[in-house]
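> okay, predicted coordinates and the sequence, questions at the end:
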Amino acid sequence: LVGAGAIRGICASRPVVGEVLRAARASWCVGWLPASLMSQHRLLSSTPPAGQAPPTSVPSRPSTATTSASTPLPSSAEIVVCGGGVIGTSVAYHLAKLGCKDVLLVEQGSVSGGSTWHAAGLVGKVRGTSAETKLSNYAAQLLPQLEAETGLTTGWKQCGSIAVASSPERHLVLQRTQAKASAFGIESHFISLEEAQSMFPLLSTQGLTSALWLPEDGTVNASDLCAAFARGARQNGVRIAENTAVNAVNTKNGRVSSVSVSGKGAQQEEQTIECQQFVNCGGMWARQLGALSNPTVSVPLHAAEHFYLVTKPIQGSHSQLPVVRDPDHYIYAREWSGGLLLGGFEPEGLVKTAFHDGVPADFEFSLFQEDWDHISWAWDGISKRFPCMEEVEIRQLLNGPESFTPDNCYLLGEAPEIENYFVAAGMNSSGIASSAGAGKALGEWIVTGSPTMDLWPVDIRRLAPFFNNNTLLRDRVSETLGLHYAVPWPRRELNTCRGLRRSPLYGHLNERGACFGSKMGWERANYFAVQTPATLSQSPAEQPPYTFGINSAIDTADRPAWWDATAAEVKACRTSAAIFDVTSFGKILVQGSDACIALERLCSRDVNVPVGSCVYTLMLNEQGGIESDCVVNRLASDKFLVVTGTSQVCLVNCSVKKFCLVHWLGVATVGAQAK
């Protein structure tokens, strides 16, 4: 019997007891995994111990009817999708549903490999940003339809979820979650602690202050969902080639022209497949895949270890138990095979990043070694919230890789470096919940040429190329993963990777008491504090504590640190004068004999103005949608300086470049319409 008390003892008496525990686990805990995973998971034996019957209640893996590397690959395809995880198969499925029949999906190993197969399978609708919430909301609509269409179960259960709070700050977060859910038509309401315990009998309400019920949330089996997407894609004409690695993404005139691939084993001869679009759904390999093109495509993500444990059956657990999230203790729980699956996201300072030198190609169905010492931080919260864990038998501690981004939002859209090179990766442990929506949104983007909804929070063009620095990613992901379940304070500034870009006025502003924030790597003065030796020496990590500031107007104790300083600055702007340092704004020089023609087409206002004039305008896409707002300064008859927001310089630059490729080089159009 291995419970929380024993675990704490193990953590204190390693290595001997820990080794005994691992040996015991290896001898009997194979039965909880789906049969499809037992044959693929190299760290577990698929043979039950003597005298123990093979498990009969676990599903077998449905056939995805894929093409092996020994089957001849086509010489061309309109769209090549790389990556057979839940994101890649979803993208391929949605492309096919949108009418794209010439789609080839290549996977270096087997479908559902990487981080898909060991995902916990939580499907929550309300996410951190509006864009992510809209995309996650789509999953509950699609999954029943997908099961009916393919004949494969996804394991979808609309069991609901309960988020609990242990502090006034967390209760306010839950109130904001409810408000966001209401804005998107997602049902949610507060329930009593007694109701929460009746829904989840194994839950202890000790120390809780409130509970929010979201009945539309649920769970899936990640591998089954991936298999259903794959079968649905193939039924609609997509070809799927496993054991086929991409060696290079080739370009011509700034756009994708072909991919070079090779098989495994005896079929290692490289083959070139001509294509018009390429989609990087490489998961934790996506950054390395981005480096296989010229120019390199920046895919800023970094892998980190993520754990959960699975128990044997527990009295009181049943298939319709809701998901429970206790972010104050950084943990979550769901039902699994009559027991519990419990995981967590480490607090800041305890995150373990992984694969700093690159992810091995053969890690597709592997796991990290169990690390009982590392998860000791979670046991107090687990045993407090779920007291049954003190005595329950634990089947396995699973420790697998997930990929995370510099700002905890995933990467979606057309890469700014190469036209018709698309990316869907860096899901920050939300890949299962977001797979349906992300696949649909990217498929529509590929087909129509621009986003069909506001995707800016997840648009890959929001991040500059320097974010792809490996050391920066390791340090930043160590912080952002640690904030996964932390209180999302308004105007929170990150502490890692600071001071990357500074205005020439930085020293002067610092001497005047500037409290800096970071935007696109730039240090920018958020406000000027009262000049005291204490404030002048503060680093970002030493800034005053955050507050929601709900009662700031009447309660001085609730006012954020910037309240009084900002009030004085606003008054100065209204009654006197102020100077703003906008060094961080994006600046793009558009120059040439047809520069005015290009900007006239891109911008909503007339920019054909006298030299020395400036025009504030919107920049539009081919569908007339708004890409950005900017100021166009005419420096000469053939020279314009476009000034845009700090975070949108990559987007605007990409818009101008794409226009030039389409309307002068004619490389982004098909057929006789090319100029």
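That came through, no problem. For clarity, every value in this text was computed on a predicted model and none was experimentally measured. Numbering: from 1, shown residues only.

> now stretch 206-221, how far from the centre of its chain.
22 Å (Cα atoms, centre = their mean, to the nearest Å).

> in three-state terms, label the residue lying closest to Arg502 once chain neighbours are set aside for me.
Nearest in space to Arg502, with sequence neighbours left out and distances taken as Cβ to Cβ, 6 or more residues apart in numbering, is Glu523 at 5.2 Å. The way it works is simple: take the backbone N, C-alpha and C, and place the C-beta from them, glycine included. Of the three states, Glu523 takes strand under DSSP: H, G, I helix; E, B strand; the rest coil.

> one more: Val80?
strand.

> for the residue lying closest to it once chain neighbours are set aside, what are its contacts?
Spatial nearest neighbour of Val80, chain neighbours left out: Cys275 (4.5 Å); criterion: Cβ to Cβ, 6+ apart. Contact analysis of Cys275 by Cβ atoms under 8 Å, 6 or more residues apart in numbering lists 76-80, 104, 256-259.

> neighbours around the residue nearest to Gly218 when sequence neighbours are not counted, how many?
The spatially closest residue to Gly218, leaving aside those adjacent along the chain, is Gln158, at 4.3 Å (Cβ to Cβ, 6+ apart). The tally of other residues near Gln158 (other Cβ atoms under 10 Å) stands at 15.

> mind listing what Gln158 touches?
Gln158 neighbours (Cβ under 8 Å, 6+ apart): 140, 215-218.

> most surrounded residue in those?
So for the contacts of Gln158 (other Cβ under 10 Å), the most neighbours sit at Asp217, 28 neighbours.

> ok, the closest residue to Arg239 other than its chain neighbours - how many residues close by?
Nearest residue to Arg239, sequence neighbours excluded (Cβ to Cβ, 6+ apart): Leu104, at 4.9 Å. Leu104 has 24 neighbours, counted by other Cβ under 10 Å.

> likewise the one 3 residues further on?
For Glu107, the count of nearby residues is 30 (other Cβ under 10 Å).

> that one touches Ala92, doesn't it?
No. Counting by Cβ atoms under 8 Å, Glu107 does not reach Ala92; the two are 10.5 Å apart.

> list residues touching both of the two?
Ile240.

> now distance to Ser115 too, for the contacts of Gln158, in CSV please.
CSV is the format used below for the contacts of Gln158 (distance: Cβ to Cβ, whole Å):
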residue, distance to Ser115
Ala140, 22
Pro215, 28
Glu216, 25
Asp217, 21
Gly218, 20
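
> okay, who's weakest in the residues you listed by pLDDT?
Lowest in pLDDT among the contacts of Gln158 is Ala140, which has 87.

> tell me the contacts of it?
123, 125, 158, 216, 218.

> bridged to the last one, which residues?
Pointing back at Gly218 there. Val123 (DSSP bridges).

> for Pro416, see how far away it is.
Gly218 sits 36 Å away from Pro416, going by Cβ to Cβ, to the nearest Å.

> local confidence estimate at Gly9?
For Gly9, the model assigns a pLDDT of 44.

> what does the one 3 residues further on give?
Predicted confidence (pLDDT) for Ala12: 41.

> quick check: the residue nearest to Arg502 vs Gly99, distance?
From Glu523 to Gly99 the distance is 48 Å (Cβ to Cβ).

> the more surrounded of the two?
Neighbour count, other Cβ under 10 Å: between Glu523 and Gly99, Glu523 has more, with 22 against 9.

> looking at it, Asn621 is touching Ser628, isn't it?
No. The pair Asn621 / Ser628 is not scored as a contact, 9.9 Å apart, by Cβ under 8 Å.

> joint contacts of those two?
Common neighbours of Asn621 and Ser628 (Cβ under 8 Å, 6+ apart) are Ser655.

> what about those two, which has more around it?
Legend: neighbour count by other Cβ under 10 Å for Asn621 and Ser628, higher for Ser628 (21 against 17).

> in contact with that one, which residues?
Ser628 touches 618-619, 644-645, 648, 651-652, 655, counting by Cβ under 8 Å, 6+ apart.

> swap the cut-off to 6 Å and go again
For Ser628, the contacting residues are 619, 644, 648, 651-652, by Cβ atoms under 6 Å, 6 or more residues apart in numbering.

> try Leu635
Leu641.

> low-confidence ranges in the stretch 551-675 of the chain?
551-557, 663-675 (pLDDT under 70).

> still on that earlier bit, what's the model's confidence in the helix or strand encompassing the residue nearest to Arg239, averaged?
Element membership for Leu104, per DSSP states H and E: strand 103-106. Averaged across strand 103-106, pLDDT comes to 98.

> report the longest helix in the chain, please.
helix 130-150 (DSSP state H).

> that helix: how far from the chain's middle?
17 Å.

> dump that helix to PDB, keeping only the CA atoms.
What follows is helix 130-150, C-alpha atoms only, in PDB (Å, rounded to 0.1, in the frame of the first residue of the first chain):
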ATOM      1  CA  SER A 130     -10.700  34.900 -25.500                       C
ATOM      2  CA  ALA A 131      -9.200  33.300 -28.600                       C
ATOM      3  CA  GLU A 132      -8.300  30.100 -26.700                       C
ATOM      4  CA  THR A 133     -11.700  30.000 -25.100                       C
ATOM      5  CA  LYS A 134     -13.500  30.200 -28.500                       C
ATOM      6  CA  LEU A 135     -11.300  27.400 -29.900                       C
ATOM      7  CA  SER A 136     -11.700  25.100 -26.800                       C
ATOM      8  CA  ASN A 137     -15.500  25.700 -26.900                       C
ATOM      9  CA  TYR A 138     -15.700  24.100 -30.300                       C
ATOM     10  CA  ALA A 139     -14.400  20.700 -29.000                       C
ATOM     11  CA  ALA A 140     -17.600  19.700 -27.200                       C
ATOM     12  CA  GLN A 141     -19.600  20.400 -30.400                       C
ATOM     13  CA  LEU A 142     -17.300  18.300 -32.600                       C
ATOM     14  CA  LEU A 143     -16.500  15.200 -30.500                       C
ATOM     15  CA  PRO A 144     -19.900  13.500 -30.700                       C
ATOM     16  CA  GLN A 145     -20.000  14.300 -34.400                       C
ATOM     17  CA  LEU A 146     -16.500  12.900 -34.900                       C
ATOM     18  CA  GLU A 147     -17.400   9.600 -33.100                       C
ATOM     19  CA  ALA A 148     -20.500   9.200 -35.300                       C
ATOM     20  CA  GLU A 149     -18.600  10.000 -38.500                       C
ATOM     21  CA  THR A 150     -15.700   7.600 -37.900                       C
END
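
> noted, bye for now.
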